[in-house]
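A.B. asks: Need a 3D model of the sequence below.
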Amino acid sequence: MLIIPIKDGENIDRALKRYKRKFDKTGTVRQLRARQQFIKPSVTNRAKIQKAAYIQHMKEALEN
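C.D. replies: Numbering: from 1, shown residues only. Take a look at the predicted model:
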C-alpha cells in the first residue's frame with residue numbers, strides 16, 4: 001500500500017502527481033502486463049543479449 005503524506009495547504013494535484021510517480025516506480029502495471037502472457041526463458045535471454053550488444057555498440061561508437 002502506498003502512503004502519500006499531504007502537507008497543510010498542499011495542492012491536491014501535486015499530491016496526486018507524487019502518488020502517480022511513486023506508483024510508477026513500483027512497477028506494478030509492468031508486472032501485471034508481463035504476467036498476461038508467457039514468454040519462454042530462451043526468448044528473454046536472447047532479448048537481454050541483444051540489448052547488451054546494442055549498448056556495447058553504442059558505447060564503442062561514442063569512444064571513436
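A.B. asks: Only C-alpha atoms from now on, for both contacts and neighbour counts.
C.D. replies: Fine.
A.B. asks: distance of the residue nearest to the spatial centre of the chain from residue 41?
C.D. replies: By C-alpha atoms, centre = their mean, the chain has its centre lying nearest to residue 27, at 5.7 Å. Distance, residue 27 to residue 41, by C-alpha to C-alpha, to the nearest Å: 20 Å.
A.B. asks: can you point me to the longest helix in the protein?
C.D. replies: helix 41-63 (DSSP state H).
A.B. asks: Mean confidence (pLDDT) on that one, please.
C.D. replies: Average pLDDT, helix 41-63: 96.
A.B. asks: What residues sit buried inside it?
C.D. replies: Residues of helix 41-63 include none that count as buried (16 or more other C-alpha atoms under 10 Å).
A.B. asks: Just the C-alphas of that helix, formatted as PDB.
C.D. replies: The C-alpha trace of helix 41-63 is given here as PDB (Å, rounded to 0.1, in the frame of the first residue of the first chain):
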ATOM      1  CA  PRO A  41      13.100 -18.100 -21.000                       C
ATOM      2  CA  SER A  42      15.200 -18.500 -24.200                       C
ATOM      3  CA  VAL A  43      13.400 -15.500 -25.700                       C
ATOM      4  CA  THR A  44      14.000 -13.300 -22.700                       C
ATOM      5  CA  ASN A  45      17.700 -14.300 -22.600                       C
ATOM      6  CA  ARG A  46      18.000 -13.600 -26.300                       C
ATOM      7  CA  ALA A  47      16.500 -10.100 -25.700                       C
ATOM      8  CA  LYS A  48      18.900  -9.400 -22.900                       C
ATOM      9  CA  ILE A  49      21.900 -10.400 -25.100                       C
ATOM     10  CA  GLN A  50      20.700  -8.200 -27.900                       C
ATOM     11  CA  LYS A  51      20.200  -5.300 -25.600                       C
ATOM     12  CA  ALA A  52      23.700  -5.800 -24.100                       C
ATOM     13  CA  ALA A  53      25.200  -5.900 -27.600                       C
ATOM     14  CA  TYR A  54      23.400  -2.800 -28.600                       C
ATOM     15  CA  ILE A  55      24.600  -0.900 -25.600                       C
ATOM     16  CA  GLN A  56      28.100  -2.000 -26.100                       C
ATOM     17  CA  HIS A  57      28.000  -1.000 -29.700                       C
ATOM     18  CA  MET A  58      26.700   2.500 -28.700                       C
ATOM     19  CA  LYS A  59      29.500   2.900 -26.200                       C
ATOM     20  CA  GLU A  60      32.100   1.900 -28.700                       C
ATOM     21  CA  ALA A  61      30.700   4.300 -31.200                       C
ATOM     22  CA  LEU A  62      30.800   7.100 -28.600                       C
ATOM     23  CA  GLU A  63      34.500   6.400 -27.900                       C
END
